[in-house]
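Chemist: Take a look and give me a structure for this.
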Amino acid sequence: MKKILIVFYVLLQVSCVGFYTTSEGGFRVNKTKDFKYSKQKYTSMPKTLIDTNSIYVMDSVFNKWDDNPMERKGYRFVRFFSGGQALFIYNEGIPKLEKINNKNIGTPAYYILEGNKLKVNIFSNINGGTTDFFYGKINNKGNLVIYEDTAVQIYFLGILKSYKMAENSGRISYWTKIKVENIENYKPNW
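Modeler: Numbering: from 1, shown residues only. A predicted model of the protein is given here:
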């Protein structure tokens with residue numbers, strides 16, 4: 001029994017993503033390589049459909065199982081960077097410029113685009129720190145539709161590339177693109 005516990009502990013430590021919290025409550029990962037999409041082959045992919053001079057604000061979350069939208073207007077926003085990084089930030093309503101340009105808040109992620117399909121590898125501070133995956137798409141208005149539930153399950157089943165399964169997710173969020181004047185183009189610190 002002791003050997004099993006030791007093996008479990010070692011596996012838990014190896015699978016954890018080291019991270020720290022910034023002075024303003026943001027999360028940062030110790031090693032960039034913990035993000036699958038941080039590799040050069042992904043960061044050099046085209047990102048023309050994402051507007052890095054805008055933010056995307058969550059409008060609503062929809063549960064497919066019961067056809068009831070969940071009210072979460074302005075619950076979060078995401079900012080994308082040209083180097084393949086993204087920053088997800090919790091917020092009430094439309095954020096002020098100071099919050100949009102704050103380098104030390106939010107949850108880091110990396111993203112790639114395949115046509116209009118968005119794939120995100122995001123940090124999560126659960127289970128000692130992990131990176132999870134979710135999928136979405138950019139609609140014809142330039143807004144985001146993100147399939148929230150199934151991607152992590154897909155990852156654990158070993159069929160991460162199955163975008164169709166993600167489209168059948170039970171929870172879908174809608175994000176509206178908002179152009180931001182005077183957005184600071186800084187290099188993210190993760």
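Chemist: ok, the closest residue to residue 130 other than its chain neighbours - how many residues close by?
Modeler: Leaving aside its chain neighbours, residue 130 sits nearest to residue 124 (5.1 Å; criterion: C-beta to C-beta, 6 or more residues apart in numbering). The C-beta positions use only the backbone N, C-alpha and C, and glycine is treated the same way. Using other C-beta atoms under 10 Å, the number of residues around residue 124 comes to 15.
Chemist: Check the one 3 residues further on too.
Modeler: With neighbours defined by other C-beta under 10 Å, the count for residue 127 comes to 10.
Chemist: distance of it from residue 34?
Modeler: Separation of residue 127 from residue 34 (C-beta to C-beta, to the nearest Å): 14 Å.
Chemist: circling back to that earlier point, so who does the residue nearest to residue 130 touch?
Modeler: Residues in contact with residue 124, defined by C-beta atoms under 8 Å, 6 or more residues apart in numbering, are 107, 130-132.
Chemist: So for residue 83, what's the nearest residue that isn't a sequence neighbour?
Modeler: Residue 83 sits nearest to residue 43 (C-beta to C-beta, 6+ apart), 5.8 Å away.
Chemist: Go ahead and confirm that neighbour touches residue 113.
Modeler: No. Contact between residue 43 and residue 113 fails when scored by C-beta atoms under 8 Å: they sit 11.7 Å apart.
Chemist: out of the contacts of residue 124, who's nearest residue 29?
Modeler: For the contacts of residue 124, the minimum distance to residue 29 (C-beta to C-beta) is 7.7 Å, reached by residue 131.
Chemist: pretty sure that closest one is touching residue 36, no?
Modeler: Yes. Under the criterion of C-beta under 8 Å, residue 131 makes contact with residue 36 at 7.1 Å.
Chemist: Mind checking which of the two has more residues around it?
Modeler: Legend: neighbour count by other C-beta under 10 Å for residue 131 and residue 36, higher for residue 131 (21 against 15).
Chemist: Pull out the buried residues from stretch 119-138.
Modeler: 119-123, 129-131, 133-138 (16 or more other C-beta atoms under 10 Å).
Chemist: which ones among those are found in strands?
Modeler: Among the buried residues of stretch 119-138, the members falling in strands (DSSP state E) are 119-123, 130-131, 133-138.
Chemist: in the chain, which spans are strands?
Modeler: With strands called from DSSP E, the chain shows them at 19-21, 27-29, 54-63, 68-71, 76-80, 85-90, 107-114, 117-124, 130-138, 144-147, 171-179.
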